[in-house]
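Sequence below, structure please.
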Amino acid sequence: MLNHLIVVFVLTLIIHTAETLSYAIRFAGVRLNKIAVALSLTGIIVLVSRTANMLQAPLTATFVDHARNQSDFPLIDYMRVILFAASIGTICAIALFPSFVNLFSRIIAKLEVAGSIPRLITGVTIGQLINTKYYLRKPAFSFYYFRYLGIPKRLIVMNVFVTAFYTVGVMASLYSAFLLPAYSTTASQASGIINGLATIMLTIFIDPQLGLITDKALHHEQYRTQLGKVYVVMMTSRFLGTLLGQFILIPAAYFIGMVVKLL
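Below you'll find the predicted structure:
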């Protein structure tokens, strides 16, 4: 099981690193005034994330099956390690943010010339890959970032909770399936109960507000460089959300179990 845990840890790290780096694509698009092209590139991020998630979910489910056969198996400890991978992945994305903003800026410019992602990929040369090292930048962080563009505190808090819900959704449903063997199939498919709450919060409270901030930076030059610091704040709140997930994992599992019993 340890080998499985390592694989799931790496896949979870990839998922959260990729998803968090989507902010780098947006910022690169704003810097080049090509936000529509930048958003089209998020499909690559989604592809990486969903491919990793496609492998991660069933591998995580094997821990539940093993725990049913081995009463001394530390299932909850394994799940907490997986949640820790989400935190590490988010930290990696924050550290890589400056470098990937430069890299995605170059990719967006190349995409405009190539005309399509397949042509862009096939046109990559060994020399271009070697030159990637010139886009690397050291990350810088300051609490002064939280004062830029008047970021509403409620937006930061909401992002923390949304991230926490998304992070624990699948694992909470699997742990609920372990706690309720009689409802195991239903519970294992009930991650949408938690993720649905997160989606509602994201759609109503976070995306519109973040869109307004991005649009403000897009149309006002003085805010454009500050937008990157806003995204750092949002990524930091995502990191705090993954930490919060450690605390809500078990309550979320019991909440799913309660709902499943009512179905």
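
looking at the protein, which helix or strand is least sure?
Every helix and strand of the chain was ranked by mean pLDDT, DSSP states H and E. The lowest is helix 126-130, at a mean of 63.

and after that one, which helix or strand comes next?
Downstream of helix 126-130, the first helix or strand assigned by DSSP states H and E is helix 153-179.

Check what pLDDT S176 gets.
What the model reports for S176 is a pLDDT of 92.

Output the contacting helices and strands for the lengthiest helix in the chain.
When the chain is parsed with DSSP state H, its longest helix is helix 221-262. Judged by 3 or more C-beta pairs under 8 Å, 6 or more residues apart in numbering; DSSP states H and E, helix 221-262 is in contact with helix 2-20, helix 22-31, helix 75-114, helix 153-179, helix 184-188, helix 191-201, helix 207-219. To be clear about C-beta, it is placed using only N, CA and C from the backbone, and glycine gets the same treatment.

can you give me the angle that helix makes with helix 22-31?
150 degrees (axes from the mean of the first three to the mean of the last three C-alpha atoms, to 10 degrees).

Mind checking the pLDDT average for helix 221-262?
Mean pLDDT, helix 221-262: 89.

Hmm, S87 is touching L243, no?
Yes: at 5.9 Å, S87 counts as touching L243 under the criterion of C-beta atoms under 8 Å.

Just want to know which of those two has more residues nearby.
Shown here are S87 and L243; by other C-beta atoms under 10 Å, S87 has more neighbours (21 against 17).

any idea how far the closest residue to the more buried one other than its chain neighbours lies from A164?
Among residues not flanking S87 along the chain, T242 sits closest, at 4.2 Å (C-beta to C-beta, 6 or more residues apart in numbering). Computed with C-beta to C-beta, to the nearest Å, the distance linking T242 and A164 is 7 Å.
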